[in-house]
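S.K.: Fold the following for me, if possible:
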Amino acid sequence: MTLASALALWAALIAFALLPGPGVAVLLARTLDSGLRAGLVLACGILCGDFFYIGLAIFGLSTLAEFLGPFFVTIKYADAAYLIFLGFKILTASPQISGGTDLKPSLSSTDFVLGMVTSMSNPKVVLFYLSFFPALMDLGNLSAVDVVSVLLITTASVGIVLAAYAYIASKTRASFARNPAFNYLKFATGGLFIGGGAFVGIRT
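M.R.: Model prediction:
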């Protein structure tokens, strides 16, 4: 991999990660609901889902991805239903007391799996890594060092953008906590979950 191709890949991944989508919606909602740590764990799950498709692209397994299409459709709808369920659960929760600054507890394993499944069921991710990604480099002639470089570049682009989204969301939550209108946060969070679930479900 040349320096030019590495920079092109990095720039393309930055642009790809910045595009709004179900992954970003779920990440923002989870961070607003459960804090920065939950958002970062979910971001790691999203990144691992991206790694899965990078592996398919690099090792020429796009046929396998096509074969497993019905399985990923099932995952997509299960993920969408779960997100919508979480959204309604947030919206129907009793109002916060004592300033409403408490974070909702969350399991790191659940956050990680939710992020990974959201990434793996996102058509934008599939399209990018199995269609556009191979056009950026000659995947048939990548060495082991090149493969590691691709993973590091992905982490340094997609991972950093997702972490930035989570950090901004956590700071936004903190500002809401100091505002009398903090209770409106639960409606924004619930709406993000429901919107993210609907977005995952209707995308083809």
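
S.K.: gap between the residue nearest to Tyr53 when sequence neighbours are not counted and Ala198?
M.R.: Of all residues not flanking Tyr53 in the chain, Tyr129 sits nearest, at 3.7 Å (CB to CB, 6 or more residues apart in numbering). (Glycine included, C-beta is placed from N, CA and C.) Applying CB to CB, to the nearest Å, one obtains 24 Å for the distance of Tyr129 from Ala198.

S.K.: Of those two, which one has the most company?
M.R.: When Tyr129 and Ala198 are compared for neighbours, Tyr129 comes out ahead with 24 against 16, by other CB atoms under 10 Å.

S.K.: And the pLDDT at that one?
M.R.: Reading off the confidence values, Tyr129 has pLDDT 78.

S.K.: my read: it touches Gly55, true?
M.R.: No. Counting by CB atoms under 8 Å, Tyr129 does not reach Gly55; the two are 9.2 Å apart.

S.K.: re the thing from before, quick one: residues contacting the residue nearest to Tyr53.
M.R.: 50, 53-54, 56-57 (CB atoms under 8 Å, 6 or more residues apart in numbering).

S.K.: The same query, at a cut-off of 7 Å, please.
M.R.: With contacts taken as CB atoms under 7 Å, 6 or more residues apart in numbering, Tyr129 has the following neighbours: 50, 53-54, 57.

S.K.: Now do the helices in this structure.
M.R.: Assignment of helices within the chain using DSSP state H yields the ranges 3-18, 22-34, 36-58, 62-67, 69-91, 108-120, 123-127, 133-136, 144-154, 160-177, 184-202.

S.K.: Would you mark the buried spots in the shortest one?
M.R.: When neighbours are counted by 16 or more other CB atoms under 10 Å, the buried residues of helix 133-136 are found to be 133, 136.
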